[in-house]
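Visitor: kindly generate the corresponding structure for this input.
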Amino acid sequence: MPPAAALPDWLTRVGVFDLETTGVDVTIDRIVTAHVGVLDASGRQIAARSWMADPGVPIPEGATAVHGITTSYARAHGRPAREVVADVTGALRSLLSQGVPIVAYNAAYDFSLLTHEAHRHGIEPLVDPSPIIDPLVIDKAYDRYRRGKRTLEVVAAHYAVPLDGAHEASADAIAAGRVAQALARQFELPASLVELHTRQIGWARSQAESLTEYFVSVGRLDPDDALDGTWPVRAPQTGRGA
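Guide: As a prediction, the model looks like this:
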C-alpha cells in the first residue's frame, strides 16, 4: 500500500449523515431515524443531533430486524415525519452553506431517499448537494480489487475504525466520517473538495456500470436493465414522491 498521507485541511471538520429507514427503495420507503453530526480532525464528534420519526407507514419486520425500531415504538416516540424531514434537510443545508463537507456512506441512498421524503412532504429538497464525501465510492476507487463485501461494518474493520452499534444512525454516521478520514490518511485523495466531489460522480457511474455487467453475467439483471450510477442523488430533483 502507499504510505499514509497527511489529513487534508478540508477533512479536519466534517459533517456526518445517516438514515435508518423502512426499507431500501428510495422512492417509497421512509425515514425512521436520522443523525447529523460534526467531527473534528481526530474523529471526535463535536456537534450532533438525532431524530426518530413516525414514518406514517408500518415498519416491516425485516427493517426492524436491522435497526430495532418497531412500528408501535415509532408511533409512540417518533415525531411527525414532516418535521423530521424538514429538520434533517435544514441541518444538512446549514452545514453545506458553511462549506462543511458531508460524509455519508453510500451517499446516493441517503440523499436520494431524503429527496423523495422532502417532495412527499412539500419541503424544499437539497438541490445538487455539494461537497459530499462517500467512503464507499472512494474505497472502491482506490482499492478496486480487494475481495469481500463493502458494507460499512466490513470497510470500517478493514481501516481499523471501531463501529459499535451498527445500523444505529449515529454510530453509522460517526464511523463513516472516521472511515473517510482513514481513507485520506491511507491514500492521496484529490487536492480539493471540489475535485473530490467531481471525481466521485465519475467513479460512482463507472462502478455502477461495472456492477451492472457483473449482475447481467450471473443472471441477476436482465441485459436491458442497468443500475443507476447517478451520484450523490439518484432521485429527480422535482416531481412527486411515492
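Visitor: just the helices in the protein please.
Guide: Using DSSP state H, the helices of the chain run over 61-67, 71-77, 81-97, 107-120, 135-142, 152-158, 169-186, 193-217.
Visitor: ok, which of these comes nearest residue 11?
Guide: The stretch from the helices of the chain with the least distance to residue 11 (Cβ to Cβ) is helix 169-186; that distance is 5.1 Å. (C-beta placed from N, C-alpha, C; glycine too.)
Visitor: angle of that closest one against helix 135-142?
Guide: 30 degrees (axes from the mean of the first three to the mean of the last three Cα atoms, to 10 degrees).
Visitor: low-confidence regions, this protein specifically.
Guide: Scanning the chain for pLDDT under 70 picks out 1-5, 235-242.
Visitor: redo that, cut-off 80
Guide: Regions of the chain meeting the criterion pLDDT under 80 cover residues 1-6, 235-242.
Visitor: if we can go back for a sec, columns distance to residue 35 and mean neighbour count on top of the helices of the chain, output as TSV?
Guide: Formatted as TSV, the entries for the helices of the chain read as follows, by distance: least, Cβ to Cβ, whole Å; neighbours: other Cβ atoms under 10 Å:
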stretch	distance to residue 35	mean neighbour count
helix 61-67	12	15
helix 71-77	16	14
helix 81-97	9	18
helix 107-120	10	24
helix 135-142	16	22
helix 152-158	13	18
helix 169-186	4	24
helix 193-217	22	16
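Visitor: can you redo those as TSV with distance to residue 20?
Guide: Formatted as TSV, the helices of the chain follow (distance: least, Cβ to Cβ, whole Å):
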stretch	distance to residue 20
helix 61-67	4
helix 71-77	11
helix 81-97	12
helix 107-120	10
helix 135-142	17
helix 152-158	12
helix 169-186	5
helix 193-217	22
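Visitor: among these, which comes closest to residue 36?
Guide: Among those, helix 81-97 sits nearest to residue 36 (Cβ to Cβ), with 4.4 Å.
Visitor: what residues does the closest one touch?
Guide: With Cβ atoms under 8 Å, 6 or more residues apart in numbering as the contact definition, helix 81-97 has outside contacts at 15, 17, 19, 30-31, 34, 36, 38, 49, 51-56, 78, 102, 114, 117-118, 120-126, 129-131.
Visitor: those in strands, which ones?
Guide: Among the contacts of helix 81-97, the members found in strands (DSSP state E) are 15, 17, 19, 31, 34, 36, 38, 49, 51-54, 102.
Visitor: gap between residue 85 and residue 30?
Guide: Shown here: residue 85 relative to residue 30, a distance of 9 Å by Cβ to Cβ, to the nearest Å.
Visitor: the nearest residue to residue 209 once chain neighbours are set aside: what's it in contact with?
Guide: In space, not counting the residues next to it along the chain, residue 209 is nearest to residue 229; the distance is 6.3 Å by Cβ to Cβ, 6 or more residues apart in numbering. Residues in contact with residue 229, defined by Cβ under 8 Å, 6+ apart, are 204-209.
Visitor: now those in a markdown table, with distance to residue 234?
Guide: Output for these, formatted as a markdown table (distance: Cβ to Cβ, whole Å):
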| residue | distance to residue 234 |
| --- | --- |
| 204 | 10 |
| 205 | 11 |
| 206 | 15 |
| 207 | 13 |
| 208 | 10 |
| 209 | 14 |
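Visitor: farthest pair in the ones in strands among the contacts of helix 81-97?
Guide: The farthest-apart pair in those, when distances are taken by Cβ to Cβ, is 38 and 54, at 26.7 Å.
Visitor: circling back to that earlier point, among the contacts of helix 81-97, name the buried ones.
Guide: Neighbour-count burial (16 or more other Cβ atoms under 10 Å) applied to the contacts of helix 81-97 gives 15, 17, 19, 30-31, 34, 36, 38, 51-55, 78, 102, 114, 117-118, 120-121, 123, 125-126, 129-131.
Visitor: and stretch 42-53, how far out from the chain middle?
Guide: With Cα atoms, centre = their mean, to the nearest Å as the basis, stretch 42-53 stands 14 Å off its chain's centre.
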